[in-house]
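Engineer: got a sequence here, can you build the structure:
(2 chains)
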There are 2 protein chains.
Amino acid sequence: MSRLLRGVGAAAVVGARGLSLGPGARGGSSRRFCSRSRQALPSPSPAGTENGRRRSPLAWTVGAAAAAAAAGLAGLGLARRAEMEALQPDDGGDDDDLARRCAGFMAPPVSGLAELRGRRGAMQSRMEVLIMETQGQVCRALAQLDRGASFTVDRWERKEGGGGISCVLQDGEVFEKAGVNVSVVYGHLSEEAAQQMRSRGKSLKANNGKLPFCAMGVSSVIHPKNPNVPTIHFNYRYFEIEEADGTKQWWFGGGTDLTPTYLNKEDAVHFHKTLKEACDKHGPALYPKFKKWCDDYFYIKHRGERRGIGGIFFDDLDSPSKEEVFQFVQSCAQAIVPCYLPIVEKHCHEKFTPEEKLWQQIRRGRYVEFNLVYDRGTKFGLATPGSRIESILMSLPLTARWEYMHSPPENSREAEILEVLRHPKDWVH
Amino acid sequence: MSRLLRGVGAAAVVGARGLSLGPGARGGSSRRFCSRSRQALPSPSPAGTENGRRRSPLAWTVGAAAAAAAAGLAGLGLARRAEMEALQPDDGGDDDDLARRCAGFMAPPVSGLAELRGRRGAMQSRMEVLIMETQGQVCRALAQLDRGASFTVDRWERKEGGGGISCVLQDGEVFEKAGVNVSVVYGHLSEEAAQQMRSRGKSLKANNGKLPFCAMGVSSVIHPKNPNVPTIHFNYRYFEIEEADGTKQWWFGGGTDLTPTYLNKEDAVHFHKTLKEACDKHGPALYPKFKKWCDDYFYIKHRGERRGIGGIFFDDLDSPSKEEVFQFVQSCAQAIVPCYLPIVEKHCHEKFTPEEKLWQQIRRGRYVEFNLVYDRGTKFGLATPGSRIESILMSLPLTARWEYMHSPPENSREAEILEVLRHPKDWVH
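Structural biologist: Numbers count the residues shown, from 1 in each chain, chains lettered A, B, ... in the order given. Below is the predicted model of the structure:
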């Protein structure tokens, strides 16, 4: 195994030691496709992060158990604690920032805590912690809003290398379907995936046709029930590829974008301003550039309209330095909850009509069209052998509708949003 | 304009003369995208074809008017008759087989009757008549079954060349969404479309990057409401491309396949046997070959399952001769109504549970996945500038559902059909 992948590969072994992971074989059915310890879990207690930096590495497992007990799911919580304890390394000290941050995770990290600790300075580890932390923060915030619902946490392994943690809340009171997925996968790029990358200008020189890669990211789509609450999507990812001569290519990609059923200008401004503030910390040119990239990327060409009102989007980001790009990505990830949750809170109890629900369903159809026809992440996932299809396609809404020749009347609220989807606006100036 | 396309180009002019066609400009919205004379029309009376070959060319317009009157839509019927009369050539005689066949069409043919008559021996004309006739036969049969519903007939023009007739029945008693589309388009292949064809092994030598083409076909997806009634899809098409040296490449493609929500073995046998009988008239090797091709083609790779229980599928068929392939395609087209309608009739009034409806919706989700991710026709359509998106995507169901990690219990009826989708069966031996 190449040096590039050694760390992650070893981590998978650590993970397998401590957890009740199945064979992880890819089969004809999605059920056989991945090993899973599937549990309906409450969100872990945020106490672990609230109590400051000095925290015993064990404390976070207590936090999770306490939250489980509060939700009447102590049994499951304890099962989870047992898993967590199996990952505790022997040399953990009191001053363990890593363990403190892990307290907010939805499940033990894919690479295992010991492995992450062993290579804690490496970007692969730092990014894995960031995506796990983001998953936890978002799931917690959503679960707090949708009190009747809980996240199903699926931990899965990829036979070809790596795995992930999929958290899905389905048919809640507020959310129709909310999926937040972390994946850390590695192995060799499929020819199809390599072609996709080369078509974006990357010169990937393979060694005997092989290109070792490591990809990790957090990816989420949240579809609320109420048509007055927009759908959000975000995705932050890190890629490393090792070329034939040992050169490592690396880049970050990501973005956060909003898809409302109806336009609410105040929400649009809040959303974009929050993202702009996150970007501006790292330079004034970032938001305008990535806002435009977002409008260009989420374009449903055959409809002549964007999927939503945009946000930010970037890919292949490999300068000025790994550190600076990571800091930027971290700011973006931390902006997810503040840019979205206030909008959900504001509208989730508003009344709506069957006609508004119908328009939402038609817009959901367009969402499906974008994701299946154009989305690069979905295409990469479908083209990567051993991908976990259920995690890739959890971005699809619970329900969608296609009416032949549907066209909203002029001056309607439906026509208003269509106009913005056809001609994107500047929301922050 | 190249010799290949002359005939069709001239036809478009004839069509424009006699019909109230709009500007046909492509715009951002599907409404502006095509010119349409949109009418909810009853199916034309089959009397025109039942009264034998010796028929006045005017008789078919009377047939249409009579049917319209019967359905209480005489006004629309008469408007349609006026359109038809405008297409009658001056030299029409009593013995006009073409006019007799036109009586069963849902609208005047794309190329216009005069144009078709002028080049009646050419394959382009013969195929256009066949696809128009097939559209009429199928729409008539469906409308007879679903008495509360009527077909919306949209006649549209493609700015870049050609046009089509889309017939859609939506939210009927029996059918949730039934679309039968004819298109006759020509112009120059887009680079993307040419690439798609080259990837199938065609050496398409372009003249200054240009490849004049003509494509026509009838394409249909019929989604019934009752989960005991399967969805059917069929498509029969003819392609001509002119290479740089003037060589014409031509081929036929097509197929008919069934997508049940639940398995009914008797239906599966009836469906496949009817298709086999149509194939067997042209050689014993055809059905087995095209049955396998169908199973291979309608494969949802990322799910490890087929879309349905198959049928027949073929593409790039250019031997033994144009005439023989056309005769075969004609037999297939004539088999559509007998292979499907008895199944609809048998089950469309059966009771069903909400759980069965839910499973149907999940299967509809898979249908969407296949069509948007893999279907060659959809991809070609989306990649062809000026395509009529509403006609291409009318294949999508009215509603669909994606549940995370849905997996039917063992030994259930849902598991039974999944098993067949994963391991296709031989239904006729």
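Engineer: measure residue A:290 to residue A:311 for me?
Structural biologist: Using Cβ to Cβ, to the nearest Å, residue A:290 is found at 8 Å from residue A:311. C-beta here means a position set from N, CA and C on the backbone, and glycine is covered the same way.
Engineer: overlap of the contact sets of these two?
Structural biologist: residue A:255 (Cβ atoms under 8 Å, 6 or more residues apart in numbering or on different chains).
Engineer: just the CA atoms of the longest helix that chain A contains, as PDB, please.
Structural biologist: Ranked by residue count and defined by DSSP state H, the top helix of chain A is helix A:123-145. Provided in PDB are the C-alpha atoms of helix A:123-145 (Å, rounded to 0.1, in the frame of the first residue of the first chain):
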ATOM      1  CA  MET A 123      -4.400  17.100   7.200                       C
ATOM      2  CA  GLN A 124      -6.300  13.800   6.800                       C
ATOM      3  CA  SER A 125      -6.800  13.600  10.600                       C
ATOM      4  CA  ARG A 126      -7.700  17.300  11.000                       C
ATOM      5  CA  MET A 127     -10.200  17.200   8.200                       C
ATOM      6  CA  GLU A 128     -11.700  14.000   9.500                       C
ATOM      7  CA  VAL A 129     -12.200  15.600  12.900                       C
ATOM      8  CA  LEU A 130     -13.700  18.700  11.300                       C
ATOM      9  CA  ILE A 131     -16.200  16.700   9.200                       C
ATOM     10  CA  MET A 132     -17.200  14.500  12.200                       C
ATOM     11  CA  GLU A 133     -17.700  17.600  14.300                       C
ATOM     12  CA  THR A 134     -19.700  19.300  11.700                       C
ATOM     13  CA  GLN A 135     -22.000  16.300  11.400                       C
ATOM     14  CA  GLY A 136     -22.500  16.300  15.100                       C
ATOM     15  CA  GLN A 137     -23.200  20.000  15.300                       C
ATOM     16  CA  VAL A 138     -25.800  19.900  12.500                       C
ATOM     17  CA  CYS A 139     -27.500  16.800  13.700                       C
ATOM     18  CA  ARG A 140     -27.800  18.100  17.200                       C
ATOM     19  CA  ALA A 141     -29.200  21.400  16.000                       C
ATOM     20  CA  LEU A 142     -31.800  19.700  13.800                       C
ATOM     21  CA  ALA A 143     -32.800  17.200  16.500                       C
ATOM     22  CA  GLN A 144     -33.300  20.100  19.000                       C
ATOM     23  CA  LEU A 145     -35.800  21.700  16.500                       C
END
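Engineer: quick one: buried residues of it?
Structural biologist: A:123-143, A:145 (16 or more other Cβ atoms under 10 Å in any protein chain shown).
Engineer: can you name the residue of the stretch 101-250 of chain A nearest chain B?
Structural biologist: residue A:168 (4.6 Å; Cβ to the nearest Cβ).
Engineer: so that residue: helix, strand or coil?
Structural biologist: Assigned with DSSP: H, G, I helix; E, B strand; the rest coil, residue A:168 falls in the strand class.
Engineer: so how far is residue A:163 from residue A:391?
Structural biologist: Taken as Cβ to Cβ, the span from residue A:391 to residue A:163 is 10 Å.
Engineer: same thing with residue A:112?
Structural biologist: 11 Å.
Engineer: and if you look at residue A:111?
Structural biologist: In terms of Cβ to Cβ, residue A:111 sits 9 Å off from residue A:163.
Engineer: repeat that for residue A:342.
Structural biologist: 34 Å.
Engineer: the two: which is more packed in?
Structural biologist: Per other Cβ atoms under 10 Å in any protein chain shown, whichever of residue A:342 and residue A:163 has more neighbours is residue A:163, with 25 against 14.
Engineer: give me the number of residues near the residue lying closest to the more buried one once chain neighbours are set aside?
Structural biologist: Of all residues not flanking residue A:163 in the chain, residue A:157 sits nearest, at 4.1 Å (Cβ to Cβ, 6 or more residues apart in numbering or on different chains). For residue A:157, the neighbour count with other Cβ under 10 Å is 24.
Engineer: go on, residue A:262?
Structural biologist: Neighbours of residue A:262 using other Cβ under 10 Å come to 20.
Engineer: and it, what's its pLDDT?
Structural biologist: You'll see residue A:262 listed with a pLDDT of 98.
Engineer: for it, give me its contacts.
Structural biologist: A:227-228, A:356, A:359, A:413-414, A:416-417.
Engineer: surely residue A:272 is within a strand?
Structural biologist: No: counting by three-state DSSP, residue A:272 is not found in a strand; it is helix.
Engineer: distance from stretch A:100-115 to the middle of the chain?
Structural biologist: Centre-to-centre, stretch A:100-115 and its host chain are 16 Å apart (Cα atoms, centre = their mean, to the nearest Å).
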